[in-house]
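**Student:** Sequence first, then the predicted structure:
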Amino acid sequence: MQLHSLKSRSGARHRIKRLGRGESSGWGKTSGRGGKGQTARSGSSIRPGFEGGQMPLFRRLPKRGFNNARFAIIYSVVNLCDLNRFDDGARVDETLLRAHGLVRGNKDGVKILATGELTKKLTVVADKFSATAQQKIEAAGGVCEVAPDKRKESKAKACCSIDSCENQ
């Protein structure tokens, strides 16, 4: 195999759609933009839900109730079988899980689930454990420790800093 003999796999490369190249091309005259008007102009975009000045459906409907999604606690999930990569007797916490790529992103904590089997004796520190995961860790001779709540700590720090400001 040589560099000059390499070819793309079939279907990997698409022909570009050449607009405005004559009526017989199928993309002539209006170039697939329909007739005249706002959407035919370059740079035009209409925000989602816009109904041409008519009161939008979202604003016409009454709003009721409360959605807790904004305040929900979202955990990064780690399965028991993934913990077998650590050495026997190791202390596994969020920083170690992040270093090994098992936890990514900015979630509210780590939850250990019972998927798979644990063969090592580990001290696992996490925000939550499923009941079965806790049983399996302890059956393997390990220890489950619940990590301190980061959100409560940050609130406590904020309260302390406010108190110190008032005292001065």
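**Tutor:** Right, received. Where do you want to start?

**Student:** pLDDT below threshold where in this protein?
**Tutor:** 152-168 (pLDDT under 70).

**Student:** So which residues of it form strands?
**Tutor:** Counting by DSSP state E, one finds strands in the chain at the ranges 75-79, 91-92, 109-113, 123-126, 128-129, 143-146.

**Student:** In terms of secondary structure, what does the first one contact?
**Tutor:** To tie it back to what came earlier, the one meant is strand 75-79. strand 109-113 (3 or more CB pairs under 8 Å, 6 or more residues apart in numbering; DSSP states H and E). For glycine as for every other residue, the C-beta is placed from the backbone atoms N, C-alpha and C.

**Student:** Within its sheet, name the partner strands of the strand it packs on and how each one runs.
**Tutor:** strand 75-79 (parallel), strand 128-129 (parallel) (DSSP bridges).

**Student:** residues making contact with it?
**Tutor:** Contacting residues not belonging to strand 109-113 are listed as 73, 75-80, 83, 94, 97, 103, 124, 126-130, 133-134, 137, 144, 147, 150 [CB atoms under 8 Å, 6 or more residues apart in numbering].

**Student:** Please apply the same query to stretch 26-39.
**Tutor:** Lys17, Arg18, Leu19, Gly20, Arg21, Gly22, Glu23, Ala40, Ser44, Ile46.

**Student:** give the contact list for the fourth one.
**Tutor:** For Gly20, the contacting residues are Trp27, Gly28, Lys29, Ser31, by CB under 8 Å, 6+ apart.
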